[in-house]
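Asks: coords please:
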Amino acid sequence: MGNRVIASMLILVLLLLCSSQAASAELSPVFTIKASKAPSVVGQDIQVFVTGDHLQDMFGFEIQLTYDSSKLEYRGAKSAISGFSVPIIEEAGELIFAHTKVGRTQGESGRVEMAQFTFRTIQAGKASVELKKAKLVNSVIKALEPEADVRIELDIRQPFKAFTDISGHWAKGNIELAGSLGLVDGYPDGTFRPQHLITRAEFTSMLVRALAMPETGDQALGFADQSQIPSWAVPAIRKAVSAGIVAGYADQTFRADKPITRAEMAVMAMRAIGFTNASGKQTSFADANQIPAWAHALIADAVEQGMMQGRGNNLFAPNANATRAEAVTLVLKVHHYDINADSI
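Replies: Residues are numbered from 1 along each chain as shown. Predicted coordinates:
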């Protein structure tokens, strides 16, 4: 009996040790980078924030950041943590920033915004900012160098030029706002063509831009008509398919140039912000019997959330094709919904 008790106690001690080690691993410091604007425009200032999580008594730190100096110009760095910052070391797209508290006081713990870097955008294109190293020091001057290799990719666009054909249009304000945010493009002749029908490829590209979705690699899409998908739309369609926002038809085609229907547009938009058709909701539109079964619940959600509305006479017109004006209005709402969700 004594040996059994001892064995049980040993097992308990081992379990507690394993549990303690697991908890310790879970609480290792981790770092994230986030930009103040996505996308940004050439000539603007943009802030990049470095945040540490699971910090324990961080009294001081040194972080090494690299950035694309061909597209970004360093403007300054600061920390909201009390104390003082060491003059920054800047060289060939690399920054070393150090900051420390002063006096006899405890360091920072938990989730803490460590530093804010300001850059001026100087050229359009993709620009990466990467946290390469982080060194932490606690209040008893014990140093720690946790793993820190995280990056963010900035989408820098040319300044928005006003469209020439939207004066007096009901969606003028939305079109101009979406254009200034880099969510939509016009045509080479400076027009937006708000009443033109929008294709599945065009709407998918708008939606992916609004969500600032990350790259997904170069995996094949697998559609039977992949050769007919415009090259400019392939990356966005790949992202949307990977995220479960859009799929092809029963015959394995995508039909990129087909004008999108209002039902398809509503379903894609609601999937993009996390809704599913599991709610079983129904609408009260007079043409509700024309809404496809796979779209009914998501259209009900779109109306309930104020993302879409009918076209008058209590009709939703699910199988009618959507215009570019309708599409940009919805995409702008998706963008704002996504931004607000991230800030919660």
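
Asks: All the strands of the stretch 51-200 of the chain, residue numbers only.
Replies: All strands of the stretch 51-200 of the chain, identified by DSSP state E, counting those that start in this stretch, fall at 60-67, 72-78, 84-91, 94-100, 108-121, 125-137, 143-144, 150-157.

Asks: would TSV of these with mean neighbour count, distance to A212 and mean pLDDT be doable?
Replies: For glycine as for every other residue, the C-beta is placed from the backbone atoms N, C-alpha and C. Below are the strands of the stretch 51-200 of the chain laid out as TSV (neighbours: other CB atoms under 10 Å; distance: least, CB to CB, whole Å; pLDDT from 0 to 100):
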stretch	mean neighbour count	distance to A212	mean pLDDT
strand 60-67	21	18	96
strand 72-78	16	17	96
strand 84-91	12	28	94
strand 94-100	19	24	97
strand 108-121	18	16	96
strand 125-137	18	12	93
strand 143-144	13	33	93
strand 150-157	18	7	88
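
Asks: Can you check which of the ones you listed gets nearest to H335?
Replies: Nearest to H335 among those is strand 150-157; the distance by CB to CB comes to 13.1 Å.

Asks: partners of the closest one, with directions?
Replies: Here strand 150-157 has these sheet partners by DSSP bridges: strand 40-41 (parallel), strand 125-137 (antiparallel).

Asks: about what we covered before: now the strands of the stretch 51-200 of the chain as JSON lines including distance to V234?
Replies: Converted to JSON lines, the strands of the stretch 51-200 of the chain look like this (distance: least, CB to CB, whole Å):
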{"stretch": "strand 60-67", "distance to V234": "28"}
{"stretch": "strand 72-78", "distance to V234": "27"}
{"stretch": "strand 84-91", "distance to V234": "38"}
{"stretch": "strand 94-100", "distance to V234": "34"}
{"stretch": "strand 108-121", "distance to V234": "26"}
{"stretch": "strand 125-137", "distance to V234": "16"}
{"stretch": "strand 143-144", "distance to V234": "44"}
{"stretch": "strand 150-157", "distance to V234": "17"}
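
Asks: Return the distance of the closest residue to T261 other than its chain neighbours relative to L177.
Replies: Of all residues not flanking T261 in the chain, N319 sits nearest, at 5.4 Å (CB to CB, 6 or more residues apart in numbering). N319 is 29 Å from L177, where distance means CB to CB, to the nearest Å.

Asks: Tell me which of the two has more neighbours.
Replies: L177 (18 against 14; other CB atoms under 10 Å).

Asks: what about Q47, helix or strand, and which?
Replies: Assigned by DSSP states H and E, Q47 belongs to strand 45-58.

Asks: For that strand, buried residues please.
Replies: Neighbour counts using 16 or more other CB atoms under 10 Å place 46, 48-50, 52, 55, 58 of strand 45-58 among the buried residues.

Asks: Quick check: mean pLDDT of it?
Replies: Averaging pLDDT along strand 45-58 yields 95.

Asks: so which of the buried residues of strand 45-58 comes closest to M307?
Replies: Among the buried residues of strand 45-58, and counting by CB to CB, the member closest to M307 is I46, at 28.4 Å.

Asks: Report the contact partners of that closest one.
Replies: With CB atoms under 8 Å, 6 or more residues apart in numbering as the criterion, the residues that contact I46 are 35-37, 40, 72, 118-121, 154.

Asks: Which pLDDT value goes with A341?
Replies: 58.

Asks: got the contact list for I291?
Replies: The contact partners of I291, by CB under 8 Å, 6+ apart, come to 263, 283, 285, 299, 316, 318.

Asks: Please narrow the residues you listed to those residing in strands.
Replies: Judged by DSSP state E, strands contain none of the contacts of I291.

Asks: Those residues into JSON lines, with extra columns for pLDDT?
Replies: Output for the contacts of I291, formatted as JSON lines (pLDDT from 0 to 100):
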{"residue": "A263", "pLDDT": "96"}
{"residue": "T283", "pLDDT": "91"}
{"residue": "F285", "pLDDT": "95"}
{"residue": "I299", "pLDDT": "96"}
{"residue": "F316", "pLDDT": "96"}
{"residue": "P318", "pLDDT": "96"}
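
Asks: buried subset of those?
Replies: Buried among these (16+ other CB under 10 Å): 263, 283, 285, 299, 316, 318.

Asks: Just name the closest of the residues you listed to D251, please.
Replies: Using CB to CB, these come closest to D251 at A263, 18.6 Å.

Asks: What's the separation between the closest one and A171?
Replies: 20 Å.

Asks: just L207 next, same as before
Replies: Distance from L207 to A171, by CB to CB: 17 Å.

Asks: And R324, by the same measure?
Replies: To A171, R324 is 9 Å away according to CB to CB.
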